[in-house]
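Q: Fold the following.
(2 chains)
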Amino acid sequence: MAEPFDVKSTLNLPQTAFAMKAKLTQKEPELLKKWKETGLYGRILRKHAADPTFVLHDGPPYANGTIHLGTAMNKILKDFIVKSRTMQGRLAPYVPGWDCHGLPIEIHVDKLLGDRKKDMSIIEIREECRAYALKYVDIQRSDFIRLGVFGEWDDPYLTMAPGYEAGVLRHLAAFFAAGNVFKGKRPVHWCPTCRTALAEAEIIYKDKTSPSIYVKFPMATDLGAKIPELRGRRASVIIWTTTPWTLPANLAIAFHPEHEYAAFESGEDVYIVAKTLVPKIAGMLGIRDPKILATILGRDLEGLKARHPWIDRDSLFVLADYVTLDDGTGCVHTAPGHGLEDYQTGRAYGLDIYAPVDDEGRFTPDVARYAGMSVFKANRLINDDMRRDGALLEEGEISHSYPHCWRCKNPVIFRATAQWFISMDEGGLRQRTLDEIRRVRWIPAWGEERMAGMMESRPDWCISRQRSWGVPIPAFACRACGEILANEATTLHVADIFAAEGSNAWFVRGAEDLLPSGTRCPKCGGTAFEKEHNILDVWFESGASHGILGHRPDLPWPADVYIEGHDQHRGWFNSSIVIGVEAKGASPYRTCITHGFILDAKGRAMSKSAGNVIEPRTIIAQNGAEILRLWTAMLNYKEDAPFGDEILQRVVEAYRKIRNTWRFLLGNLSDFNPDRDSVPASEMDGLDRWALAASAEVGAKVLRGYEEFEYHTVFHALYNFFTVDLSAFYLDILKDRMYCSGKASRLRRSGQTAMFRILKDTLRLMAPILPFTAEEAWEVMPAFRGKEQSVHLEAFPAIGGDVILGEAEKSEWRALIALRERVLKELESARERKTIGNSLEAQVTLRVPPADRPLLDKHRAGLASLFIVSAVVLADGEGEGVGIAVAKAPGGKCVRCWNYSTHVGTSVDHPNLCARCEAVVRDLGR
RNA sequence: GGAGGCGUGCCAGAGUGGUCGAUUGGAGCCAACUUAUAAUUGGUAGCGAGUGCUGAUACCACCCGCCGCAGGUUCAAAUCCUGCCGCCUCCGCCA
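A: Numbering: from 1, shown residues only, chains lettered A, B, ... in the order given. Take a look at the predicted model:
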């Protein structure tokens, strides 16, 4: 006989507007719009106005191209930091920035302009660069906003803004004040055709045929003192080179300190080369069985000298680690003005950085015989002359990869030119920076070692570039005597002009107009000057970005945190700390965090040429930004992370689980008024108290994770809690109580109270990671006293309070949960035996040994619901452990709650209901 | 060439000296439910060698080895040390 009404209508089934299907791609833009309209970001800052500050200073991405996954991850991590610190009660403003100057933009604009560039002024070209940079600032800005990153997007810092440019020069002035800036020579790639210096990005490597020659340098020092066997012999060192034209600039020969060198006989002559290369060289000279007269370690040759093959000059024997035995003779021709390693070695030995070659690649008058001759043409002649003099031992050709100019495609040369430097050791800058590095907190810890290693080995900082798109180095030359004028005062003066007019002023104004009035040459007293045309290395510009701090009370200097990819140990972290130390005497960051790179699904770096690049826009368009954020939270960002479809699907799965759990909580709270219906913890059902205690434990772990910037532990802790504790255990058990108990019964309200508190806590704990979903849920969550309009205006929950369980209670629950697992296994085998289907068809009999009796008696009433069965019978057992038996539950199935009960069929009014349901239905007046 | 990082089951990813052959999730297989329903729940489940059982290289039981490989420290190692191999990132780039 059926009930005279629809039983289902008497149940309290879940109800919520929070959809199962997220439709993130639609929902996220709606929330962004709403946040913008309600001025959420400003409200957050105002709410925390009186709180202690926390400054994450943004490393400026380069304003060129669209963002890639790595950029997205970086911004998301920054947002985790800012949002979580905010919810921890800090005033944490976030000012994003962009790096706008520099070569890549200049090259792109160059290509865009093509031939038109010839007719344009430098100002016009710079305006094109500015427009180009602004375009990409806009594009990237909207991408970052789309990710849900909160910040001052309307007022970012741009390195090309006049105020910023002035700040850069003021930092430069600090180096002038310290006496650390000097002008020196340094080899750069130089295109003789285009008559310009080239950056690495403007070099293309192509195969080129070059001469390959072996040249002997006769000893100037008598080796007899060191090697008695060679007393009185005519000894020479043999070098190998592919650039004969650099021989006029030869000042040294480099040996490896650890390699063994040998002197072998060739008729009257004795030649010195690396011992292992003797057979090769001797064979080349036609000596069948070379006689080795003596050997000597490279380091013992240091300081000796050889004669230049034709110039009246000695060549110093120096030591260098980069000398290899793969090619040549192990004795390396060294011209400090024509090679980077040669340059470094030359500086180490105090040699002249000698490069007697002019802008067009011709020898200067300094070089006898070849003056005015193009260096490539001179190769032939030099070889001929040396052959005639007997200096050339062997001549051939070699095809090798050689740098060429990207524009004219001609081979380039390496040539020392005048450049501006910051000395790392003059004034102890390197050491002071190293000291500061020790004071910074590095995450991960190995960052310190890496950073210190780089700082120890970095050469003097070459800060000048022969380019247009950047901040000019304000240096002048006296027209009368050529004296260079650049110091703290002139730099600060130009900084003031830039602050008002921007760095274009350098190109618009005359030299005298850029100097304080009445400036005279300190050397000759002249009053006429000309401007130099160098711009600053962009790393100096971005490294000075901490200059935006310290001008607003909410943005003090130094920053609490810098966080970028680990490539920035050499880049931004490096230049920032050097500038911070010189200008402010300290590191501009207290904590420095690095993250890994994003690789493709196979673990390879993403690159356009490999065709494995995944655009964040694609992910967002298909899955929503929330998925990208969750992925970022799941991974241990300290390591490089693979990314691909399969991985993405897993993230989507995890998202669904979290979303559905929140949805279930919301669904069961539709009739719950927290302020009116909450049950005090002391009166709550035991299981609910357990759930709150578990939630508190997770909460503590999550807060620790945020504190330590460990977002994957945040995610794992919450996700585990959702799947294991809530979904598979607590909420599963709670269903019967929620659906079937009287709406306002104490038991149901107790469960609702726990669910509400868990929902409220987890939404807030998850808000920094899932700002959209947490907000969406927050909006539909029951209102309560003090509820903020947005979850992002809330603080993290205080953990603990009234729900911590004692150790005794905890171990009781551990025992019950362990017993439950065993019961579930027994139920499964009963299911396999077809004894039962649904677990509610079962009655479980526990044979309880005396030792376990107190525990089970205490929880007797809750056991059936704990196991989700219809009945539990306790019987006396023996020995160790509780025995478990499963049988078909007696009685009939209650059509309302599906529990089996002997009460079913006994009631006249409600013969299909169990006692509990009959009572509930009666209360409803049915 | 230099610096740094990483290597755990089919996959992802926990685990930093015993309670770990190893948490959790995904995929797989089996099942329940239709009251979170394009949802929820339970169970099962690594690889290799050996012994027993057997008609059987199947199932089951037992046992041994395996957390990149090889050693070492220790009463005890996925966890510490050394070497090797592999992968990745950054920097340099050759006279």
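
Q: Show me the shaky parts of the stretch 701-850 of chain A.
A: A:800-801, A:803-804 (pLDDT under 70).

Q: which parts of it sit against RNA strand B?
A: A:712-713, A:716, A:719-720, A:723-724, A:726-729, A:731-732, A:735-736, A:739-740, A:821, A:824-825, A:827-828, A:831-832, A:837-839 (C-beta under 7 Å from any atom of the strand). To be clear about C-beta, it is placed using only N, CA and C from the backbone, and glycine gets the same treatment.

Q: Can you flag the buried ones in those residues?
A: A:713, A:716, A:719, A:726-727, A:729, A:731, A:735-736, A:739-740, A:827, A:831, A:839 (16 or more other C-beta atoms under 10 Å).

Q: quick one: strands adjacent to the worst-scoring helix or strand of chain A on mean pLDDT?
A: Here the helix or strand of chain A ranked lowest by mean pLDDT, DSSP states H and E is strand A:196-198, holding a mean of 76. For strand A:196-198, the paired strands and their directions (DSSP bridges) read strand A:181-191 (antiparallel).

Q: Could you give the number of residues near A:Glu37?
A: For A:Glu37, the count of nearby residues is 8 (other C-beta atoms under 10 Å).

Q: For the least confident helix or strand of chain A, list every residue counted as buried.
A: Of all the residues in strand A:196-198, those buried under the rule 16+ other C-beta under 10 Å are A:196-198.

Q: what does that strand rub up against?
A: When contacts are defined by C-beta atoms under 8 Å, 6 or more residues apart in numbering, strand A:196-198 is touched by residues A:188-191, A:405-406, A:412, A:417, A:465-466.

Q: Need the buried ones from those selected in ChimeraX.
A: In ChimeraX, this line selects whichever of the contacts of strand A:196-198 come out buried by 16+ other C-beta under 10 Å:
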select /A:188,189,190,191,405,406,412,417,465
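
Q: Show me which of the contacts of strand A:196-198 is closest to A:Gly39.
A: Nearest to A:Gly39 out of those is A:Arg465 (C-beta to C-beta; 42.3 Å).

Q: and the closest one, what does it touch?
A: So A:Arg465 contacts A:103, A:197, A:199, A:534-537 (C-beta under 8 Å, 6+ apart).

Q: try it again with 10 Å
A: A:101-103, A:106, A:188, A:197, A:199, A:419-420, A:473, A:534-538, A:540 (C-beta atoms under 10 Å, 6 or more residues apart in numbering).

Q: Show me the residues you listed that map onto helices.
A: Among those, the ones falling in helices (DSSP state H) are A:103, A:106, A:538, A:540.

Q: of all those residues, which comes closest to A:Leu866?
A: Proximity of the ones in helices among the contacts of A:Arg465 to A:Leu866 (C-beta to C-beta) peaks at A:Val538, which lies at 65.2 Å.

Q: Return the distance of that closest one relative to RNA strand B.
A: 14 Å (C-beta to the nearest atom of the strand, to the nearest Å).

Q: quick one, phi psi at the residue lying closest to that residue once chain neighbours are set aside?
A: Closest residue in space to A:Val538, ignoring its immediate chain neighbours: A:Gly102 at 4.0 Å, by C-beta to C-beta, 6 or more residues apart in numbering. A:Gly102 has phi and psi values of phi 120, psi 170 when expressed as degrees, to the nearest 10.

Q: Count the residues that sit near A:Gly102.
A: Applying other C-beta under 10 Å, we find 27 residues neighbouring A:Gly102.

Q: State the pLDDT value of it.
A: pLDDT recorded at A:Gly102 is 87.

Q: In contact with it, which residues?
A: Contacts for A:Gly102 (C-beta under 10 Å, 6+ apart) come out as A:62-64, A:129, A:133, A:159-160, A:199, A:201, A:465, A:467, A:469-470, A:535, A:537-539, A:541-542.
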